[in-house]
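Student: any chance you can model this:
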Amino acid sequence: MYKVFVNERPLVLTNNLSDAGDNKYFLLNQDSIQEAIKALRKGKLKEAYIYHPNHEEILKKFTKRIPLVVAAGGVVTNKKGKVLFIYRNEKWDLPKGKLDKGESIETCAIREVMEETGVKDLRIENFLKTTYHVFKNNGTDTLKEVHWFAMKTYYEGKLKGEKKEGIKKVKWKGPKKIQKALENSYVNIRILFGY
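Tutor: The predicted structure is shown next:
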């Protein structure tokens with residue numbers, strides 16, 4: 001099962017019809033996928049399910065019908081145990097970005113965190129999880145697959161938001177401020193913190 005978020009509402013890709021319960025499910029074809037995305041985007045459904053019998057094939061078949069963008073990012077902790085957040089599009093987010101051709105996922109994650117925040121000396125501790133969401137890319141619904149890593153740094157220099165990416169603020173946040181930031185964040189970011 002994969003949870004793909006459309007405007008914060010889940011589009012669940014599943015090979016088990018009982019997952020859908022009484023909820024509406026759609027078949028894995030172009031028209032059905034677009035219908036499900038549109039219904040979620042307009043708030044007509046709280047959640048939608050796309051069914052395909054083969055779990056190994058479901059994501060591959062889904063991305064044949066919707067373009068895929070692969071990205072990576074980090075949940076970065078400093079020596080004081082504070083977590084690095086960015087503020088863009090009126091929401092608190094974590095630094096992440098698109099994979100360049102020929103680049104490894106880990107290299108992408110470190111590069112994107114550095115570019116978006118100015119933080120250096122990053123070290124990947126471990127892989128956290130992969131999240132999925134649909135966004136409009138030049139008018140086309142696109143699936144973004146983000147690979148998240150836990151990272152550490154001892155960097156104490158200046159934080160600098162990447163202007164061309166629309167980043168207005170970069171902040172280190174402790175537990176109370178993280179809680180408050182997550183109230184104005186995205187569901188995929190809250191999932192990384194166990195919400």
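
Student: contact partners of the lowest-mean-pLDDT helix or strand in the chain?
Tutor: Across the helices and strands of the chain, mean pLDDT, DSSP states H and E gives its lowest value to strand 25-27, namely a mean of 90. With contacts defined as Cβ atoms under 8 Å, 6 or more residues apart in numbering, strand 25-27 is touched by L17, S32, I33, E35, A36, A48, Y49, I50, Y51, H52. All C-beta atoms are positioned from the backbone trio N, CA, C, and that covers glycine.

Student: kindly reformat those as CSV containing neighbour count, distance to L182 and pLDDT.
Tutor: Shown next, in CSV, are these (neighbours: other Cβ atoms under 10 Å; distance: Cβ to Cβ, whole Å; pLDDT from 0 to 100):
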residue, neighbour count, distance to L182, pLDDT
L17, 11, 33, 83
S32, 16, 33, 93
I33, 23, 30, 94
E35, 17, 31, 95
A36, 24, 27, 95
A48, 25, 25, 94
Y49, 21, 26, 95
I50, 24, 28, 94
Y51, 18, 32, 92
H52, 18, 33, 92
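
Student: just those residues: which are in helices?
Tutor: S32, I33, E35, A36 (DSSP state H).

Student: tell me the one of the residues you listed nearest G21?
Tutor: Of all these, G21 sits closest to A36, with 15.9 Å by Cβ to Cβ.

Student: just to revisit the earlier point, out of the ones in helices among the contacts of strand 25-27, what pair is the most spread apart?
Tutor: Farthest pair in those (Cβ to Cβ) is I33 and E35. Separation: 7.3 Å.

Student: let me see the ranges of the strands in the chain.
Tutor: All strands of the chain, identified by DSSP state E, fall at 2-6, 9-14, 25-27, 48-51, 68-77, 83-88, 91-93, 96-98, 122-137, 140-153, 169-173.

Student: tell me which residues of the first one come out buried.
Tutor: For strand 2-6, a neighbour-count test (16 or more other Cβ atoms under 10 Å) marks Y2, K3, V4, F5, V6 as buried.

Student: what does the model give the residue sitting furthest away from the middle of the chain for pLDDT?
Tutor: In the chain, counting by Cα atoms, centre = their mean, D22 sits farthest out from the average C-alpha position, at 27.5 Å. pLDDT for D22: 80.

Student: what's the answer for Q30, then?
Tutor: Confidence score, pLDDT, at Q30: 89.

Student: surely it and R65 touch.
Tutor: Yes - using Cβ atoms under 8 Å, Q30 makes contact with R65 at a distance of 5.0 Å.

Student: having no further points to raise, I will conclude here.
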